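J.: just a sequence and a predicted model for now, questions to come.
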Amino acid sequence: MKTRIIIAGPRGKMGTEAVKMVDDEETFEIVACIDRKNGGKTLNDIDGLPDLDVPIFEDPEKCFQEIEADVLIDLTVAEAGFEHTKLALLYGIRPVVGTSGFSKDQIAALEDLSETHGIGCIIAPNFAVGAVLMMQFAKTAAKYLPDVEIIEKHHDQKLDAPSGTAVKTANLLEETRQSKQQGHPDEVEKLKGARGADSDGIHIHSVRLPGLVAHQEVLFGGPGQTLTIKHDSYNRASFMEGVKLSVNKVLDLDKFIYGLENLLE
Ligand SMILES: NC(=O)C1=CN([C@@H]2O[C@H](COP(=O)(O)OP(=O)(O)OC[C@H]3O[C@@H](n4cnc5c(N)ncnc54)[C@H](OP(=O)(O)O)[C@@H]3O)[C@@H](O)[C@H]2O)C=CC1
Ligand SMILES: O=C(O)C1=N[C@H](C(=O)O)C[C@H](O)C1
C-alpha cells in the first residue's frame, strides 16, 4: 500500500517541489492539500502544479476529518504550521515538518503532544544532508574552538530571521562549546544590530538578497587561525531526499524527532 500524504503549502517554493517529489515517488500518493486560498478546488486547477485530481482544503481540521492519510508534510509559516502539526497529531496523522520559525515553547508543545499520543513527528530545520553534516562538523569543532559566529544567507522572500538552520546550529554548538561572551568586553554597537543576534554568546548574522537560495557559514577563530565550515543549497531539490527519508522514517516512529541528524545512520 502506498503512503498517503497530505501537503500543506502546495503553492509555495518548497511545497511545489514536494508535490512533484511525492507525485514522482512510486510508493507515495498525494491524497489532499491544505491551502488557505484554494479550498474546494483540486490541484489541477492550480498553474505550475502537476495535473492531479487531488482535493484542496482551506480548513486543515476538515481535511484531517475527511481524508484518510498517513503523513502530513508541512511547508508553510510557523503560525499555520504549528496549528497544522498539532491537529495532525490529534487526528493520528504523522507530521513531517520543514517549516521554520517555531519558538522553543511551540517545539516543546509539539514534542509533548507527539509523545503523549505515541504518534511519530519529525521537525527538520534543514532537510539537506550537506547542511546536516555542516552542523555536525561545526558541533565537533566548537569543542576545540569556542569562538564562533554564524552567517546565514537566504533569498529575500524569507520571512523568519535568523533561519531555523542557524538556530539549530547554535543549539548544537552549545552542546559542546564552553559558554562564553565573544569579542571585546567593552565593544559598542555604533549601529544597532551590527553584531547580529546573540544566542548564548554566539553571534548570528542574517543576510537576505535576491539570487540567494539557502547558504550558511560557521566561522571559528583561534590564535593565528580560522576555520570555516560552509554549506550551499542552490535549489530546492537539495531538500527533497531529506523529506523522502523523513516520510519513510516517520511511519515507524512513536516519538518526536527534532533534526534530520537523528535519522541518519
Ligand atoms: N526544512 C527545510 O529544509 C526547509 C525549510 N523551509 C521552510 O519551509 C517554509 C516554506 O518555505 P518556502 O516554500 O520557501 O516559502 P513560500 O513563501 O514560497 O511558501 C509558503 C507557503 O505557505 C503558505 N502560507 C503562508 N502563510 C500561511 C498561513 N497563514 N496559512 C496557511 N498557509 C500559509 C503560502 O501561501 P500564500 O500564498 O497563501 O501565502 C505558501 O504557499 C518556510 O518556513 C521555510 O523556512 C524552506 C526550505 C527548506
Ligand atoms: O526559507 C528557506 O529558504 C529555508 N529555510 C530553512 C531555515 O530557515 O533554515 C532551511 C533552509 O535554510 C532554507
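T.: That came through, no problem. Ligands and ions are numbered 1, 2, ... in the order given.

J.: and the strands in the stretch 101-250 of the chain?
T.: 121-123, 147-154, 197-199, 202-208, 214-222, 225-233 (DSSP state E, counting those that start in this stretch).

J.: out of those, deepest packed?
T.: Most buried of these, by mean neighbour count (mean count of other C-beta atoms under 10 Å): strand 121-123, with a mean of 27. In short, each C-beta sits where N, CA and C put it, glycine included.

J.: does that strand reach ligand 1?
T.: No - using C-beta under 6 Å from any ligand atom, we find that strand 121-123 stays clear of ligand 1, coming within 8.4 Å at best.

J.: that strand pairs with which strands, parallel or anti?
T.: For strand 121-123, the paired strands and their directions (DSSP bridges) read strand 94-97 (parallel), strand 256-258 (parallel).

J.: buried deepest among these, which one?
T.: Of all these, strand 94-97 carries the top mean neighbour count, a mean of 28, counting by mean count of other C-beta under 10 Å.

J.: who does the helix ranked longest in the chain touch, helix- and strand-wise?
T.: What stands out as the longest helix in the chain, according to DSSP state H, is helix 129-144. If contacts are counted by 3 or more C-beta pairs under 8 Å, 6 or more residues apart in numbering; DSSP states H and E, helix 129-144 sits against strand 147-154, helix 164-176, strand 214-222, strand 225-233, helix 240-250.

J.: what does that helix contact?
T.: With C-beta atoms under 8 Å, 6 or more residues apart in numbering as the test, helix 129-144 has contacts from 126, 148, 165, 168-169, 172-173, 175-177, 214, 216, 218, 220, 222, 227, 229-231, 233, 238, 241-242, 259-261, 264.

J.: near ligand 1 too, which of those?
T.: Counting by C-beta under 6 Å from any ligand atom, N126 from these sit close to ligand 1.

J.: let's have the strands paired with strand 121-123 in JSON lines, adding distance to ligand 2 and mean pLDDT.
T.: Formatted as JSON lines, these follow (distance: least, C-beta to the nearest ligand atom, whole Å; pLDDT from 0 to 100):
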{"stretch": "strand 94-97", "distance to ligand 2": "11", "mean pLDDT": "98"}
{"stretch": "strand 256-258", "distance to ligand 2": "13", "mean pLDDT": "98"}
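
J.: tabulate these (CSV), appending distance to C63.
T.: Listed next are these as CSV, based on distance: least, C-beta to C-beta, whole Å:
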stretch, distance to C63
strand 94-97, 13
strand 256-258, 22
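
J.: looking at the ones you listed, which is closest to D35?
T.: Across the strands paired with strand 121-123, D35 has its closest neighbour in strand 94-97 (16.6 Å, C-beta to C-beta).

J.: is the closest one in proximity to ligand 1?
T.: No - interface with ligand 1: strand 94-97 contributes nothing (C-beta under 6 Å from any ligand atom), its closest point being 7.9 Å away.

J.: which bits of the stretch 1-150 of the chain sit near ligand 2?
T.: Contact residues (C-beta under 6 Å from any ligand atom) of the stretch 1-150 of the chain with ligand 2: S100, P125, N126.
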